[in-house]
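Colleague: pasting a predicted model and its sequence here:
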Amino acid sequence: MKLLITERLLLLEYLPKTGDFAALKEMRRARETLSFTGDELSTYEIATAAEGLVTWKNEGNSYEKDVPLTAWVTDKIQELLRDKNAKSELEERDYSLYDKFIVAYDQV
């Protein structure tokens, strides 16, 4: 799935922090896949400030990387987004992820 820098950062935040051993293994693999390569860090000057704010060059706003996610990870993300939607807790920052993980999947 093609993901923007902002979407990758948000997904890293949304991945579950706890689970059984198999879940931990999947989450670790997903974190490695969603994380930024050295080339991406230098090309787009991705950096984290002391307050935890992540910044990057403007050219990074349109950069998308094709990130392969497992079915388990995709299911977890869909679960989280559907739950947020059912509780009317979606935020503006969730819009593109909801569109990619829910709307696009439902149209297939």
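Modeller: Structure's in. What do you need? Numbers count the residues shown, from 1 in each chain.

Colleague: is it correct that T70 is in contact with R28?
Modeller: No - using Cβ atoms under 8 Å, T70 makes no contact with R28, being 11.5 Å away. Quick note: C-beta positions are derived from backbone N, CA and C, even for glycine.

Colleague: elements contacting the longest helix seen in the chain?
Modeller: Among the elements of the chain assigned as helix by DSSP state H, the one spanning the most residues is helix 71-86. Here helix 71-86 touches helix 5-14, helix 21-34, helix 95-98, going by 3 or more Cβ pairs under 8 Å, 6 or more residues apart in numbering; DSSP states H and E.

Colleague: which residues touch K2?
Modeller: Going by Cβ atoms under 8 Å, 6 or more residues apart in numbering, K2 touches 64-67.

Colleague: so it bridges to which residues?
Modeller: Beta-bridge partners for K2, by DSSP bridges, are D66.

Colleague: related to what we said a few turns ago, and the helices and strands packed on helix 71-86: which comes nearest K57?
Modeller: Ranking these by their distance to K57 (criterion: Cβ to Cβ) puts helix 5-14 first, at 10.0 Å.

Colleague: relative to helix 21-34, how tilted is the closest one?
Modeller: Orientation of helix 5-14 against helix 21-34 (axes from the mean of the first three to the mean of the last three Cα atoms, to 10 degrees) gives an angle of 160 degrees.

Colleague: neighbouring contacts of helix 5-14?
Modeller: So helix 5-14 is in contact with 3, 30-31, 34-36, 44, 46, 54, 56, 60-61, 63, 65, 67, 77, 80, 93-94, 96-97, 100, going by Cβ under 8 Å, 6+ apart.
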